[in-house]
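> sequence and predicted structure, then a few things I'm wondering about:
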Amino acid sequence: MAKILIVDDDPAIREILRAYLSHEGYELSEAADGVSALALAPAADLVVLDLMLPEMDGLEVARHLRRDFPELPILMLTARGEEEERVRGFEEGADDYVTKPFSPRELVARVRALLRRSGIHDRLVYGDLEIVPGSREVYLAGRPVELSKLEFDLLLTLAQHPGMVFSRERLLERVWGSDFFGVERVVDVHVASLRKRLGDEPDRPRFIETVRGVGYRFKETE
């Protein structure tokens with residue numbers, strides 16, 4: 001999966017970004033200042049960078065990043081919306097720009113677009129199963145697996161948290177939505193369909209395990 005570095009001195013902003021980006025399956029690291037950001041940057045595939053930082057501002061950080069890691073995508077995040085600030089950000093190496101207050105969903109979409117343009121593909125790999133959240137593609141032993149929207153969302157929810165047990169009620173809320181008023185049995189039906197498409201046997205599961213009396217979990221890689 002792609003590794004994203006969040007750089008912002010506001011804990012609330014970092015918390016919002018952490019919640020949305022981790023839900024997409026990205027591996028995250030965080031920094032509250034420019035010096036820490038530069039130390040963590042070598043391991044990152046993309047940087048979400050706030051312009052207003054203590055000691056070393058975002059423009060200076062971007063300048064260093066662009067010099068040392070010329071291919072590293074930078075999404076600049078700032079409370080300023082003036083054209084001059086946007087231009088300065090691009091001049092220092094930013095690839096895209098989001099102004100606070102921002103839509104977290106839009107920011108995630110911009111992250112995906114930058115990763116695609118840079119040739120970095122966010123993906124989850126478990127043995128011969130590969131899940132690509134950004135393009136909603138699934139491959140088994142190199143061959144594409146056709147899934148419905150609900151089947152993909154169900155698989156992704158489980159695979160993003162291997163070993164974690166999800167009750168049917170929780171899966172309904174996360175995959176079908178809190179406004180869904182159907183019965184929990186619909187989860188079992190979709191799990192059975194998903195297992196069939198993945199060639200997963202319920203009594204000897206490679207991927208999705210049944211936790212009797214509770215729900216399901218994605219099998220941890222041995």
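Now that the structure is in, tell me what you want to look at. Numbering: from 1, shown residues only.
> what are the boundaries of the helices in the chain?
Along the chain, counting by DSSP state H, helices occupy 11-23, 34-40, 58-68, 83-91, 104-117, 149-159, 168-171, 185-198.
> now tabulate these in TSV and tack on mean neighbour count, distance to Asp179 and mean pLDDT.
Where C-beta positions appear, they are placed from N, C-alpha and C, glycine not excepted. Below are these laid out as TSV (neighbours: other C-beta atoms under 10 Å; distance: least, C-beta to C-beta, whole Å; pLDDT from 0 to 100):
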stretch	mean neighbour count	distance to Asp179	mean pLDDT
helix 11-23	16	19	92
helix 34-40	18	39	93
helix 58-68	19	39	91
helix 83-91	14	38	76
helix 104-117	16	18	87
helix 149-159	20	15	93
helix 168-171	16	14	91
helix 185-198	16	14	95
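> adding distance to Leu46, write the ones you listed out as TSV.
TSV is the format used below for those (distance: least, C-beta to C-beta, whole Å):
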stretch	distance to Leu46
helix 11-23	10
helix 34-40	12
helix 58-68	11
helix 83-91	15
helix 104-117	6
helix 149-159	20
helix 168-171	30
helix 185-198	30
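> for Ile131, find the nearest of those helices.
Closest to Ile131 of the helices of the chain, according to C-beta to C-beta: helix 149-159, at 5.6 Å.
> could you check the angle helix 11-23 makes with that closest one?
110 degrees (axes from the mean of the first three to the mean of the last three C-alpha atoms, to 10 degrees).
> return the list of helices and strands in contact with helix 149-159.
strand 124-126, strand 129-132, helix 185-198, strand 215-218 (3 or more C-beta pairs under 8 Å, 6 or more residues apart in numbering; DSSP states H and E).
> 6 Å instead?
Using 3 or more C-beta pairs under 6 Å, 6 or more residues apart in numbering; DSSP states H and E, the elements in contact with helix 149-159 are helix 185-198.
> name the surrounding residues that touch the helix it packs on.
For helix 185-198, the surrounding residues in contact (C-beta atoms under 6 Å, 6 or more residues apart in numbering) are Val145, Leu150, Glu151, Leu154, Leu155, Arg168, Leu171, Phe207, Ile208, Tyr216.
> again, 7 Å this time
Residues outside helix 185-198 that contact it (C-beta atoms under 7 Å, 6 or more residues apart in numbering) are 129, 140, 145, 147, 150-151, 154-155, 168, 171-172, 202, 207-208, 216.
> next: stretch 26-36.
With C-beta under 7 Å, 6+ apart, stretch 26-36 has contacts from 1-7, 9, 14, 18, 21-22, 37, 40, 43-44, 53-56, 60-61, 122.
> ok, for the most centrally placed residue in the chain, nearest residue in space, not its chain neighbours?
By C-alpha atoms, centre = their mean, the chain has its centre lying nearest to Glu24, at 2.8 Å. Spatial nearest neighbour of Glu24, excluding adjacent residues (C-beta to C-beta, 6 or more residues apart in numbering): Pro133 at 5.5 Å.
> the closest residue to Val138 other than its chain neighbours: what's it in contact with?
Leaving aside its chain neighbours, Val138 sits nearest to Val145 (4.3 Å; criterion: C-beta to C-beta, 6+ apart). Residues in contact with Val145 (C-beta under 7 Å, 6+ apart) are Val138, Tyr139, Arg197, Leu198.
> thanks a lot, catch you later.
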